[in-house]
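Asks: my questions concern the predicted model and sequence given below.
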Amino acid sequence: MAKILVVDDDRDFIKITRTILQSQNHTVITASNGEQGLQVMRQEKPDLVILDVMMSYILDGLDTRRQMAADQDLKDIPVIMATSLTGERVQGNMPSDEYVPPSEWLHKPIDPDKLLAQVKKCLG
């Protein structure tokens, strides 16, 4: 199946996500912050990236997503942004679409069925 990079500083999230994805025979690689994630992307060329919004600093994931979009080698990798921030009030404080290149969104705690549906959608 697909090679999927999970970029998150929460070991429990990585463990759960890995278990769900491996149940569908996906290969899972990981990184614990945006900088490391970009390095792994360049080395491993994943088919999909699941990227946490808040890691080593509050917009780490969003900055990483912008860097991916600006990089010729990474811009076409589909991305699912993962966040524990929910609700209308919080969504109003998130950066606009001008700041975040097109991405799918996944809310934590994750629902395994929703995760797998989004992965399937992103991989086509």
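Replies: Thanks, I have the structure now.
Asks: quick one: low-confidence ranges for the protein?
Replies: 86-102 (pLDDT under 70).
Asks: can you give me the helices for it?
Replies: 11-22, 34-44, 60-70, 88-93, 112-123 (DSSP state H).
Asks: show me what counts as buried in the third one.
Replies: Going by neighbour count (16 or more other Cβ atoms under 10 Å), the buried part of helix 60-70 is 60-69. Bear in mind the C-beta positions are built from the backbone N, C-alpha and C, glycine included.
Asks: mind putting those into CSV with distance to I4?
Replies: Output for the buried residues of helix 60-70, formatted as CSV (distance: Cβ to Cβ, whole Å):
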residue, distance to I4
D60, 19
G61, 16
L62, 20
D63, 21
T64, 16
R65, 16
R66, 21
Q67, 19
M68, 15
A69, 19
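Asks: ok, those residues vs S84, which is closest?
Replies: If you rank these by distance to S84 using Cβ to Cβ, G61 comes first, at 11.5 Å.
Asks: with I50 as the reference, measure out to the closest one.
Replies: Per Cβ to Cβ, to the nearest Å, G61 is found 10 Å from I50.
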